[in-house]
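A.B. asks: whatever this is, show me its structure:
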Amino acid sequence: MFKRRINYRVPRNLLVLFELLALVLVFVYYKDDFNRNILMLGAALIAMIYIASFVLLRISSGDNYIFLIVTMLISIGIIMIYRIDPELGIKQIIWTGVGILLFFITYFIVKNIDGWRNWILLYGGASIGLFLLTLLFGNRIKGSLNWIVLGRFSFQPTEIIKILLIFLLASYYANHERYKRVQNSNYYLVGVLYLFIGFLFIQRDLGTVLLFYSIFSAIQFIYEEDRKLILYNALFFLISGIIGYFTFSHVRVRFETWLNPWIYIDNKGYQITQSLFAIATGGFFGTGIGLGYPDFIPEVHTDFIFSAICEEMGIFTGIGLIMLFLILVYRGFKIALNQEDKFFKIVALGISVLFGIQSFIIFGGVLKMIPLTGITIPFVSYGGSSMLASFMALGILQVASEDLDLEGIGDE
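C.D. replies: A predicted model of the protein is given here:
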């Protein structure tokens, strides 16, 4: 339990005020052809966020700031998505409402069921089953075979496998004393990871490969006793990267456009150069909502929403977005450090790395710090699968945060 009672009321009220101002801003921008649905859905979402944070404070003794941070990220994302495409903005609001509901469902399930640390075979089997399901029934979209389409709806199984991977690693290292009696058990674990990566190579989903490897490396670096295995893993990843470069043409294209996109500005370098133009055009304070040209950037509502935010809301807002992720990851690491249960300690670490690395990869790609990948910013970019899976991960992190002594802003 908390040794100090934290007052969440002030930041919660400020968040609701920010969202109301955002709704007014959207109304002013679309006053000539304002859609009543957005008014109703926007008001319903604000009410849901307020009620959810109020209820969470009553039922959870953990760190409720992580939910408030995420709702701020969601608010910024919805504003930009609705400005780009009102229909997608309305869908994103609906996905957010479903995500908040799923957050509470996940929270109660994980909190009230025992034995999570003992189901390593379930996590591995379910992951392989989802990979096989994708290979058999998946659709290839934008070059990657990572979508399953069911009527009007589609989802990415890899979004669920991310969480299963974290649970698998946590289960192994939480029971390390038992598993290390099996000879070379740590090499079996590495073999399972590279089986997952092999599936991702077949699906040509190389952005998720980087994400999986980052999660595994972070947990392995802290908990693996065989330090040589960490070196072997890093070497194998380097070799895999080289093989991927020569095997997949789109990897070479992204690497070439990362090194010098300007010589390919009229074709394969168009997306990244338009992104850089948009960020530069926005300056510190932005052009203003509706006064920029984010539509010039292909896939702006998913991969490049950060560029659109910087163009119309300014670099300061972009910096604020990055800082919100830094605070979220910081509090996740703090949860991991203070958690006494080893399984949930590792789970909290894995989810924090997931949020941190996923956001860094897309921020770095958009800013031309690293080659582009086809992943989205959690809670900000448009997408139902990503939103729901991220809320599930947040619900698990909420459980891991309980019975902790968290000191921070808002202590009384």
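A.B. asks: ok now the lengthiest strand in the chain, how far from the chain's centre?
C.D. replies: Ranked by residue count, the top strand of the chain under DSSP state E comes out as strand 144-150. Remark: strand 144-150 is offset 19 Å from the chain centroid, using Cα atoms, centre = their mean, to the nearest Å.
A.B. asks: stretch 300-320 now?
C.D. replies: Distance, centroid of stretch 300-320 to centroid of chain: 16 Å (Cα atoms, centre = their mean).
A.B. asks: related to what we said a few turns ago, so in that sheet, which strands flank the longest strand of the chain, and in what orientation?
C.D. replies: Strand pairing for strand 144-150, using DSSP bridges, gives strand 139-141 (antiparallel), strand 153-155 (antiparallel).
A.B. asks: what stretches of the stretch 101-250 of the chain score poorly on pLDDT?
C.D. replies: Within the stretch 101-250 of the chain, the ranges that satisfy pLDDT under 70 run 142-144.
A.B. asks: what does stretch 364-372 rub up against?
C.D. replies: For stretch 364-372, contacts defined as Cβ atoms under 8 Å, 6 or more residues apart in numbering pick out 254-255, 257-258, 261, 271-272, 275-276, 279, 303-304, 306-307, 361, 363, 373. Yep, even glycine has a C-beta here, placed from its N, CA and C like the rest.
A.B. asks: how about that stretch: buried residues?
C.D. replies: By 16 or more other Cβ atoms under 10 Å, the buried positions in stretch 364-372 come out as 365-368, 370-372.
A.B. asks: redo those residues as JSON lines? Include secondary structure, pLDDT and distance to Ile100.
C.D. replies: Conversion of these to JSON lines gives the following (DSSP: H, G, I helix; E, B strand; the rest coil; pLDDT from 0 to 100; distance: Cβ to Cβ, whole Å):
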{"residue": "Gly365", "secondary structure": "helix", "pLDDT": "87", "distance to Ile100": "28"}
{"residue": "Val366", "secondary structure": "helix", "pLDDT": "89", "distance to Ile100": "27"}
{"residue": "Leu367", "secondary structure": "coil", "pLDDT": "89", "distance to Ile100": "30"}
{"residue": "Lys368", "secondary structure": "coil", "pLDDT": "87", "distance to Ile100": "34"}
{"residue": "Ile370", "secondary structure": "coil", "pLDDT": "85", "distance to Ile100": "32"}
{"residue": "Pro371", "secondary structure": "coil", "pLDDT": "85", "distance to Ile100": "34"}
{"residue": "Leu372", "secondary structure": "coil", "pLDDT": "81", "distance to Ile100": "31"}
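A.B. asks: nearest to Ile315, of those residues?
C.D. replies: Leu367 (10.7 Å; Cβ to Cβ).
A.B. asks: now that closest one: how far from Val209?
C.D. replies: 21 Å (Cβ to Cβ, to the nearest Å).
A.B. asks: sorry, back to before: please work out which of the strands paired with strand 144-150 is packed deepest.
C.D. replies: Among the strands paired with strand 144-150, ranked by average contacts under mean count of other Cβ atoms under 10 Å, first place goes to strand 153-155 (a mean of 14).
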